[in-house]
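> No sequence on hand, only this structure:
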């Protein structure tokens, strides 16, 4: 039995995956819809969680998809879905111009620092005080790993400050267009396609 198999067996017996890995929700469905429409070539899904979006893009579009997540339980669960997945902090391990499409459903819930809970689900949900704590470094670096004609698919919640995210997009040198958008009782979710200006 390999180390991954032992970890998976232990996690299954303890019931860890359901409480430590972000599972598909409405935001996942919107990102998958946008990625199936817009992605091409070699695809990276940052923050892949369970690997559900990456798996859908790989199977429905027959594309080469890599998933990455800071959470080792998530990377393992994505691999169990057949997604090539690595443990990574955002885009740090990837080389320049490596991907034709990069998808990201970032942790975006604004969280008061005094109410942070410091576990894997916090990492999957909390976007810091502004909700943009991970969006900012992602946008600052994604151009490095994106092929010249590439596209970035970024899910944005109205809770994070839509106009503030658009300003970050512009500062990073991208134009944007809305691919899909859906309103819910407490927020509006939008997937933006970003291309170099």
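Received it, and whenever you're ready, just let me know what you need. What you are looking at is a predicted structure, and each value in this text was computed from that prediction instead of being measured.
> what's the lengthiest strand in the chain packed up against?
Longest among the strand segments of the chain by residue count, using DSSP state E, is strand 146-157. With contacts defined as 3 or more C-beta pairs under 8 Å, 6 or more residues apart in numbering; DSSP states H and E, the packing partners of strand 146-157 are helix 26-38, strand 99-104, helix 135-145, helix 162-171, strand 188-196. The C-beta positions use only the backbone N, C-alpha and C, and glycine is treated the same way.
> Turn those into TSV, including mean pLDDT, distance to residue 86 and mean neighbour count.
Output for the helices and strands packed on strand 146-157, formatted as TSV (pLDDT from 0 to 100; distance: least, C-beta to C-beta, whole Å; neighbours: other C-beta atoms under 10 Å):
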stretch	mean pLDDT	distance to residue 86	mean neighbour count
helix 26-38	94	19	20
strand 99-104	97	13	25
helix 135-145	95	13	19
helix 162-171	96	25	15
strand 188-196	96	23	19
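> closest one to residue 89 among the ones you listed?
Smallest distance to residue 89 across those (C-beta to C-beta): 9.2 Å, for helix 135-145.
> residues in contact with that closest one?
Helix 135-145 is contacted by residues 44, 46, 90-91, 94-99, 102, 104, 106, 108, 127, 152, 154, 156, 160, 165, 168-169, 171-174, 194, 196 when judged by C-beta atoms under 8 Å, 6 or more residues apart in numbering.
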